[in-house]
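Chemist: predicted model and sequence below, questions to follow.
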Amino acid sequence: MNNYFIILASGQSKRFNSKKPKQFITYRNKALFEHSLDKAISSKLFKKIIIVVMNKNLIKKKYGKNVIIIKGGKERSDSSLIALKYIKKFKPNNVLIHDAARPNFSIDLLSKLITSLKKNKASIPVINSKDSIKYKVKNQLFNLNRNNSFLTQTPQAFRFKDLYDLSRKQKNNITDEATMFIENNLKIKFISGENLNNKITFKEDIKDKKTYFGIGFDIHRLIKNKKLYLGGIKIPFHSGLKGHSDGDVIIHSVIDSILGAMRKKDIGSLFPDNINKFKNIRSTKMLKPVVELLNKNDFYINNLDINLICEQPKVSKFRNKIIKSLSSLLHLDKELINLKGKTVEKLGLIGKEKAIACEVICSISK
Ligand code: ZN
């Protein structure tokens, strides 16, 4: 196991538009380059890990004696060569070169790359382009055949000696080490890259998912001569729920939980009681503008957990139907909706079958 891992973190990241160098910004609660560092350490595949930076003062933490921080050069290829020259004294067999701006590779990829070096001098992860690519020659546009074009990623793995010899001869700036092998007609083994292993290039790339929670509660009296609606479906019962609308406590609580998570007040501000056009409205109709509001604000629901509080009817009889109904109304996978029934030991209005209550917790993200 004479493998070395080089993390290039000295780029100027001109496209990133931030005062702090991109490699040092906080991404998922740590510095961007630390994601690559931590995976390399956890893999236990490397004798030493070299981090190449423009300014060594940017790194304040200590990472142990096998993590070495060195100052890079002007261009990427300069930094890479400085790191290779530095590790030469350790007589490495293999070296992996990685851009700090790709934090999301898997440890599995590291072992695949190293295994591949047993039979190959260079092993490079590639993926197919998701978009179709055009190129321009003298004002004429051509299509690049997507099946024959690849996007190269890092880490890129090499037998040290081959890469070192090539790098020393290399005169022009190159965007990655694979380019050198290609320009010198040397064989490269391409292995499957990872779609998640994107390069963080623009600020938008690090916009992390934000999650919010909302709570909803509702209670309606049961009265004779009214139909009972729960979760958007009609349920055979001796009474129905009194209210301005059809009194569907499940849907009303769901609405309030979603509005709460979006921080958009409550059901009453969307559907005031004193406006006649909402009289006897089906609650399923009230859900529509709420779902639209979710979509307009780029939110999606992670899950709903519902407690229906009543003595009768028994939830177990209608659970699947209610979940199916909510799933269609919200365009949400059934697996993400949970419905529990809760009785109240015959206590109070609910215990005497004079009311039904419901509470919901909803989680949304964007
Ligand atoms: Zn209500």
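Modeler: It's in. Residues are numbered from 1 along each chain as shown.

Chemist: going forward, measure contacts between C-alpha atoms and count neighbours the same way
Modeler: Will do.

Chemist: so which strand or helix has the closest residue to residue 334 other than its chain neighbours?
Modeler: Of all residues not flanking residue 334 in the chain, residue 327 sits nearest, at 5.4 Å (Cα to Cα, 6 or more residues apart in numbering). Per DSSP states H and E: residue 327 is located in helix 315-330.

Chemist: mind listing what's buried in that helix?
Modeler: For helix 315-330, a neighbour-count test (16 or more other Cα atoms under 10 Å) marks 315, 318, 319, 321, 322, 323, 324, 325, 326, 327, 329, 330 as buried.

Chemist: surely the residue nearest to residue 334 meets residue 339?
Modeler: No. Contact criterion Cα atoms under 8 Å: residue 327 and residue 339 do not qualify, at 11.9 Å.

Chemist: would you mind listing the buried residues in stretch 146-156?
Modeler: Using 16+ other Cα under 10 Å as the test for burial, stretch 146-156 gives 152, 153, 154, 155, 156.

Chemist: same deal with stretch 31-45?
Modeler: Quick answer for stretch 31-45 (16+ other Cα under 10 Å): 31, 32, 33, 34, 35, 36, 37, 39, 40, 41, 45.

Chemist: let me see the mean pLDDT of stretch 168-176.
Modeler: Per-residue pLDDT values over stretch 168-176 give a mean of 82.

Chemist: scratch that, stretch 355-366 is what I was asking about
Modeler: 97.

Chemist: tell me the bridge partners for residue 214.
Modeler: residue 362 (DSSP bridges).

Chemist: next one, pLDDT for it please.
Modeler: If you check residue 214, the pLDDT there is 98.

Chemist: likewise residue 46?
Modeler: Residue 46 is given a pLDDT of 97.

Chemist: now residue 243
Modeler: Looking at residue 243, its pLDDT reads 88.

Chemist: which strand or helix spans it?
Modeler: Counting by DSSP H and E, residue 243 is found in no helix or strand.

Chemist: touching, it and residue 220? I think so.
Modeler: Yes. Counting by Cα under 8 Å, residue 243 touches residue 220, with 6.8 Å between them.

Chemist: surely residue 228 touches residue 245?
Modeler: No. Counting by Cα under 8 Å, residue 228 does not reach residue 245; the two are 11.5 Å apart.

Chemist: these two: which has the busier surroundings?
Modeler: Neighbour count, other Cα atoms under 10 Å: between residue 228 and residue 245, residue 228 has more, with 22 against 17.

Chemist: hey, what's that one bridged with?
Modeler: residue 235.

Chemist: how confident is the prediction for it, by pLDDT?
Modeler: At residue 228, pLDDT is 96.

Chemist: so who does it touch?
Modeler: 234, 235, 236, 237, 239, 240, 241, 246, 248 (Cα atoms under 8 Å, 6 or more residues apart in numbering).

Chemist: apply 10 Å and report the result again.
Modeler: 222, 234-242, 246-248 (Cα atoms under 10 Å, 6 or more residues apart in numbering).

Chemist: that older thread, nearest to residue 143, of the buried residues of stretch 146-156?
Modeler: Closest approach to residue 143 among these (Cα to Cα): residue 152, at 18.9 Å.

Chemist: touching, that closest one and residue 190? I think so.
Modeler: Yes. Contact between residue 152 and residue 190 holds when scored by Cα atoms under 10 Å: they sit 8.9 Å apart.

Chemist: anything in contact with each of the two?
Modeler: Residues touching both residue 152 and residue 190 (Cα under 10 Å, 6+ apart) are 124, 125, 126, 127, 178.

Chemist: least confident of these?
Modeler: residue 178 (89).

Chemist: ok, residue 182 - how many residues close by?
Modeler: Residue neighbour count, defined by other Cα under 10 Å, stands at 11 for residue 182.

Chemist: quick one: the helices in this protein?
Modeler: Assigned by DSSP state H, the helices in the chain fall at 32-43, 76-87, 107-116, 160-169, 177-183, 249-262, 267-270, 283-296, 315-330, 348-351.

Chemist: which residues does stretch 279-293 contact?
Modeler: By Cα under 10 Å, 6+ apart, the residues outside stretch 279-293 that reach it are 229-233, 243-252, 254-256, 258-259, 262, 264, 267, 270-273, 278, 294-296, 298-301, 325-326, 329-331.

Chemist: try 6 Å this time
Modeler: Here stretch 279-293 makes contact (Cα atoms under 6 Å, 6 or more residues apart in numbering) with 232, 244, 245, 246.

Chemist: roughly how far is it from the heart of the chain?
Modeler: Stretch 279-293 sits 30 Å away from the centroid of its parent chain (Cα atoms, centre = their mean, to the nearest Å).

Chemist: centroid residue for the protein?
Modeler: Within the chain, one residue has its C-alpha closest to the average C-alpha position: by Cα atoms, centre = their mean, that is residue 209, at 6.3 Å.
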